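Chemist: Below are the sequence and a predicted model; questions follow.
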Amino acid sequence: MDQIISVVIPAFNEEKSIGKVVSDIDRNLVKHVIVVNNNSTDKTVQVASNAGAIVLDEKNKGYGWACLKGIAKTKELNTDIVVFLDGDYSDYPQEIIDVVAPILNEEMDLVIGSRVLGIREKGSLTPQQVFGNWLATRLIRIFYGASFTDLGPFRAIKSDVLEDLGMADKTYGWTIEMQIKAVKKKYKFKEVAVNYKKRIGVSKVSGTVKGTILAGIKIIFAVFKYRF
């Protein structure tokens, strides 16, 4: 039986990039593309809709809030595999096939698209992102015995596994929460190399001092929060 794959894309003021992201997704592979508008003040909704996406509104600001909204929709659509992708066009949507392949062919439960293992355009990851990834993945290895190289947002997960994880973080700790909970519940995971380019526009997290500090605190807190 064919697996129903849905892509969830949180978006906040991504009018210049969201159309490119949606258009580059292989619709022979992906059944549903869900863009979750997280209080955008530009034309993100219009552009995403014109590109063929299902557009939802999430008034609560936060990456996790947007992802949770998208997940609820994937359940309605009887999705088997959920892919998470950013709306800034820094990822390559054409690589979705590489990210879902271990689930389809190797019975993996969770696949992380690792930017560290792939080819990165110079300047696509800020120094603070590189350091934050290194520190967080090292702490996961120390406290949970699991080897990751990245907390990259480009990832795929089985829908039933996602539901079992009981995702709860509403902001910056979303990605690390998923990885830690998957490890604790002994789900099978794998990383695959994905390529990465400079995003269109300025990052709402790493592009500001406040966002960088808050994300760092949240990620470090998450490492210890789920320890017990």
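Modeler: On my side now, so go ahead.

Chemist: use CA for all of it now, contacts and neighbours both
Modeler: OK.

Chemist: so who does residue 15 touch?
Modeler: Neighbouring residues of residue 15 by CA atoms under 8 Å, 6 or more residues apart in numbering: 42, 43, 44, 45, 47, 48.

Chemist: The residue lying closest to residue 119 once chain neighbours are set aside: neighbouring residues, count only.
Modeler: Taking CA to CA, 6 or more residues apart in numbering as the measure, residue 119 lies nearest to residue 195, with 4.7 Å between them; neighbours along the chain are not counted. The local packing of residue 195 (other CA atoms under 10 Å) involves 17 other residues.

Chemist: so where's the protein uncertain?
Modeler: Applying pLDDT under 70 to the chain flags residues 1, 201-212, 215, 228.

Chemist: which stretches of it form helices?
Modeler: In the chain, the segments counted as helices under DSSP state H are 18-23, 44-50, 63-76, 96-106, 127-144, 159-165, 174-184, 209-225.

Chemist: tell me the centre residue of the protein?
Modeler: Centroid-nearest residue in the chain, with CA atoms, centre = their mean: residue 153, separated by 2.8 Å.

Chemist: show me what contacts that one?
Modeler: Each residue near residue 153 by CA under 8 Å, 6+ apart is listed here: 84, 85, 86, 112, 113, 175.

Chemist: farthest-separated two in those residues?
Modeler: Using CA to CA, the two most remote members of these are 86 and 112, lying 13.4 Å apart.

Chemist: where do the contact lists of the two overlap?
Modeler: Common neighbours of residue 86 and residue 112 (CA under 8 Å, 6+ apart) are 153, 154.

Chemist: So between those two, which is more surrounded?
Modeler: residue 112 (27 against 23).
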